[in-house]
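Engineer: predicted model and sequence follow; I will ask about them next.
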Amino acid sequence: MLNLQKEVERLRGERNTVANKMKGKLETSERQRLVEEGKNLKESLMTLEEDLIRLRDELQLEAQCIPNMTHPDVPIGGEDSSKLRNMVGSPCKFDFPVKDHLQIGKALDLFDFDAAAEVSGSKFYYLKNEAVMLEMALVNWTMTEVMKRGFTPLTTPEIVRSSVVEKCGFQPRGENTQVYSIEDSDQCLIGTAEIPVGGIHMDSIIAESSLPLKYVAFSHCFRTEAGAAGTATRGLYRVHQFSKVEMFILCSPEESDFYHEELTKIEEDLFQSLGLHYKTLDMATGDLGAPAYRKFDVEAWMPGLGRYGEISSASNCTDYQSRRLGIRYRPSEPSPTTSKKGKAGLATTRFVHTLNATACAVPRMLVCLLENFQQEDGSVIIPSPLRPFMGGIELVSPKFR
């Protein structure tokens, strides 16, 4: 590629030389010769420039496949190598046969997968009755709690440009992609609010005094769930469309580890307030995904499924996304390790670090609440923090016809 770049630059130089010669007074024959030479140079240059663009695109695609560096303490290996960071509570004990959320939802008339399959296809659903109120309660309660911690609330676009998806570290058109692309366009449906929130400050320079920037965003999310199958993914656990509340922070590089811990603490506080039994894991290298430098997952006990299921994750992406998105900040003073200054004596800009964390993925929270708070008579207790957001409803009871 370097040789091709040099050849393009050489031909551009020759083209400019010919153009400059054409400006002078010339014999007709000499002018004609220069016209022919310029024409040949133009054709050669067009071919080489097309080759250069193609090579650059190929190189860019290869570069996008390179993942972030990993924190030195991240366990090496697959998901099974992940390390336990924290465990809160213990599995609920029932003195009656435990039902899964599908059985509970059917008995309480809370959702309809069959009708949704006819209308939209598999892995879609209708929420009904108290389940609708429970979704709204989860979203409003979560937004309220996170805003108390200094986060700015957002609702986001749910269609974004493919280039923004790529800059955030996702592959919209890769093999087994989780991204829905819109045909004959450069746009995609978002799989997480992390993408449009990350794009808010794209190609900008932020004053250091404005950092950290903390956002909590509500959005609908869309995922193809390519390759997902089996009883472990049935029902609400893995679906194509869902509501989610996402936290996102932009900060200086020195503070990203601190804010990673803060995001994880917020997640744990929320789940503990709801009375869930959960564990937090430091995820191994094989389960990080391209953008993450380090990722902590929270898995809650789901008694109907008989296992722990992921309900949240918090990732420190360092400058992996900000380099691609062009998000920088200007320090108030030059770094002690360098005396370099930019224009007019200003400190040289640096890339921010970005972090994201799930505050509430609604379908999986519904799974947890229905399965953990089910009662022998078929009813489900609503955790007390959510009751003010449900008009005071404390119990979802079977409907007798």
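Structural biologist: Okay, I see it. Numbering: from 1, shown residues only.

Engineer: C-alpha from now on. contacts and neighbour counts both.
Structural biologist: Will do.

Engineer: select the longest helix from this protein.
Structural biologist: helix 28-64 (DSSP state H).

Engineer: for that helix, packing partners?
Structural biologist: Helices and strands touching helix 28-64, by 3 or more Cα pairs under 8 Å, 6 or more residues apart in numbering; DSSP states H and E, are helix 2-21.

Engineer: contact partners of the helix it packs on?
Structural biologist: With Cα atoms under 8 Å, 6 or more residues apart in numbering as the test, helix 2-21 has contacts from 34, 37-38, 41-42, 45, 48-49, 52.

Engineer: may I have stretch 158-167 as PDB, with CA atoms only?
Structural biologist: Taking Å, rounded to 0.1, in the frame of the first residue of the first chain, the C-alpha atoms of stretch 158-167 are listed here in PDB:
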ATOM      1  CA  GLU A 158     -33.100   4.000  17.500                       C
ATOM      2  CA  ILE A 159     -31.900   4.100  13.900                       C
ATOM      3  CA  VAL A 160     -28.200   5.100  13.400                       C
ATOM      4  CA  ARG A 161     -25.700   5.200  10.600                       C
ATOM      5  CA  SER A 162     -23.700   2.000  10.100                       C
ATOM      6  CA  SER A 163     -20.500   4.000  10.400                       C
ATOM      7  CA  VAL A 164     -21.400   4.900  14.000                       C
ATOM      8  CA  VAL A 165     -22.100   1.300  14.800                       C
ATOM      9  CA  GLU A 166     -18.700   0.300  13.500                       C
ATOM     10  CA  LYS A 167     -16.900   3.100  15.300                       C
END
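
Engineer: can you list contacts of that stretch?
Structural biologist: So stretch 158-167 is in contact with 64, 171-172, 181, 186-190, 193, 195-196, 199, 219-221, 321, 324-325, going by Cα under 8 Å, 6+ apart.

Engineer: now do the strands in the stretch 301-401 of the chain.
Structural biologist: For the stretch 301-401 of the chain, the strands defined by DSSP state E, counting those that start in this stretch cover 307-316, 327-330, 350-351, 353-361, 380-381, 395-396.

Engineer: tell me what angle the first one forms with strand 353-361.
Structural biologist: The reference is to strand 307-316. Angle, strand 307-316 to strand 353-361, by axes from the mean of the first three to the mean of the last three Cα atoms, to 10 degrees: 150 degrees.

Engineer: partner strands of strand 307-316, with direction?
Structural biologist: Applying DSSP bridges, strand 307-316 is found paired with strand 294-302 (antiparallel), strand 353-361 (antiparallel).

Engineer: point out the most buried one among those strands.
Structural biologist: strand 353-361 (a mean of 27; mean count of other Cα atoms under 10 Å).

Engineer: coming back round to it: format the strands of the stretch 301-401 of the chain as JSON lines; extra columns: mean pLDDT.
Structural biologist: Below are the strands of the stretch 301-401 of the chain laid out as JSON lines (pLDDT from 0 to 100):
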{"stretch": "strand 307-316", "mean pLDDT": "97"}
{"stretch": "strand 327-330", "mean pLDDT": "97"}
{"stretch": "strand 350-351", "mean pLDDT": "98"}
{"stretch": "strand 353-361", "mean pLDDT": "98"}
{"stretch": "strand 380-381", "mean pLDDT": "98"}
{"stretch": "strand 395-396", "mean pLDDT": "97"}
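
Engineer: among the ones you listed, which is nearest Lys128?
Structural biologist: strand 395-396 (12.2 Å; Cα to Cα).

Engineer: quick one: stretch 72-91 to chain centroid distance?
Structural biologist: Chain-centre distance of stretch 72-91: 21 Å, with Cα atoms, centre = their mean, to the nearest Å.

Engineer: mind listing residues that contact it?
Structural biologist: 272, 276-287, 294, 301, 303.

Engineer: between which two of the contacts of helix 2-21 is the distance greatest?
Structural biologist: Across the contacts of helix 2-21, the longest distance by Cα to Cα is 25.9 Å; it joins Leu34 and Leu52.

Engineer: the nearest residue to Ser252 once chain neighbours are set aside and Leu213, how far apart?
Structural biologist: In space, Ser252 comes closest to Val352 once its chain neighbours are excluded; the distance is 5.3 Å by Cα to Cα, 6 or more residues apart in numbering. Using Cα to Cα, to the nearest Å, one gets 10 Å for the distance from Val352 to Leu213.

Engineer: just Met136 next, same as before
Structural biologist: Distance from Met136 to Leu213, by Cα to Cα: 26 Å.

Engineer: Asn129 now?
Structural biologist: Relative to Leu213, and taking Cα to Cα, Asn129 is found at 37 Å.

Engineer: mind checking which of those two has more residues around it?
Structural biologist: Leu213 (15 against 12; other Cα atoms under 10 Å).

Engineer: good, we can wrap up now.
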